[in-house]
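1. Here is the input, now give the coordinates:
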Amino acid sequence: MTVRLRNIAESDLPTFFEQQQEPAAIRMAAFPSRDWETFQSHWKGILSDESVVTRTILHGVEVAGNIVSFVQSGDREVGYWLGQSYWGQGIATRALAAFLGEVAERPLYAHVAKHNLASRRVLEKCGFRVVGDDPAFSTAGDEQIEGLVLKLEARAEHASA
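-> Purely as a prediction, here's the structure:
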């Protein structure tokens with residue numbers, strides 16, 4: 001089935017909301033879910049920020065998740081969230097590869113929980129490399145979750161002779 005990206009529509013938000021409440025996804029991402037009001041406020045801010053690039057990930061005609069690129073602490077970063085029923089099918093890798101064709105700025109950074117091997121693999125398949133630890137990646141209750149920082153360098157320019 002085809003994976004493609006399109007601009008986020010407001011009608012996608014209820015699906016994104018449900019996806020960010022999936023217990024397995026919360027564990028893998030090491031990121032807590034938000035209640036509906038907080039979730040809506042968060043996405044209103046994202047969608048109104050012209051510096052943020054946002055896309056809905058479609059698997060066929062179904063909303064599989066979202067992918068975003070934003071600037072944090074002066075660095076352009078990328079993040080994505082895929083509904084659990086779409087895991088393990090190569091959808092995230094294909095979506096990220098397509099997204100990287102739309103976001104030209106390099107370097108790009110990504111942060112991932114150390115235990116989230118699947119997400120790390122997606123990033124590495126798309127050219128990201130681990131460049132360091134993120135010891136304060138997330139806090140889950142009283143537990144501190146460690147993460148990794150990955151970086152996608154600019155493509156090497158080939159000089160013509």
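2. so where do the strands sit in this protein?
-> 3-6, 53-59, 62-72, 75-82, 108-113, 129-140, 143-152 (DSSP state E).
3. now those strands in CSV, with distance to Ala98, mean neighbour count and mean pLDDT?
-> In short, each C-beta sits where N, CA and C put it, glycine included. As requested, the strands of the chain are arranged in CSV below (distance: least, CB to CB, whole Å; neighbours: other CB atoms under 10 Å; pLDDT from 0 to 100):
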stretch, distance to Ala98, mean neighbour count, mean pLDDT
strand 3-6, 5, 16, 97
strand 53-59, 8, 20, 98
strand 62-72, 9, 19, 97
strand 75-82, 11, 19, 96
strand 108-113, 14, 21, 96
strand 129-140, 20, 13, 81
strand 143-152, 14, 17, 90
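4. so which of these comes closest to Ser33?
-> The closest of the strands of the chain to Ser33 is strand 75-82. By CB to CB, the value is 10.8 Å.
5. Send over the closest one as PDB, restricted to the C-alpha atoms.
-> In PDB, the C-alpha atoms belonging to strand 75-82 read as follows (Å, rounded to 0.1, in the frame of the first residue of the first chain):
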ATOM      1  CA  ASP A  75      18.800  23.300  15.800                       C
ATOM      2  CA  ARG A  76      16.300  22.000  13.200                       C
ATOM      3  CA  GLU A  77      14.800  18.800  14.500                       C
ATOM      4  CA  VAL A  78      12.500  16.100  13.200                       C
ATOM      5  CA  GLY A  79       9.900  14.000  15.000                       C
ATOM      6  CA  TYR A  80       7.200  11.600  14.100                       C
ATOM      7  CA  TRP A  81       4.400   9.600  15.600                       C
ATOM      8  CA  LEU A  82       2.800   6.500  14.100                       C
END
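6. re the thing from before, looking at the strands of the chain, which is nearest to Phe99?
-> strand 62-72 (5.0 Å).
7. That'll do, ta.
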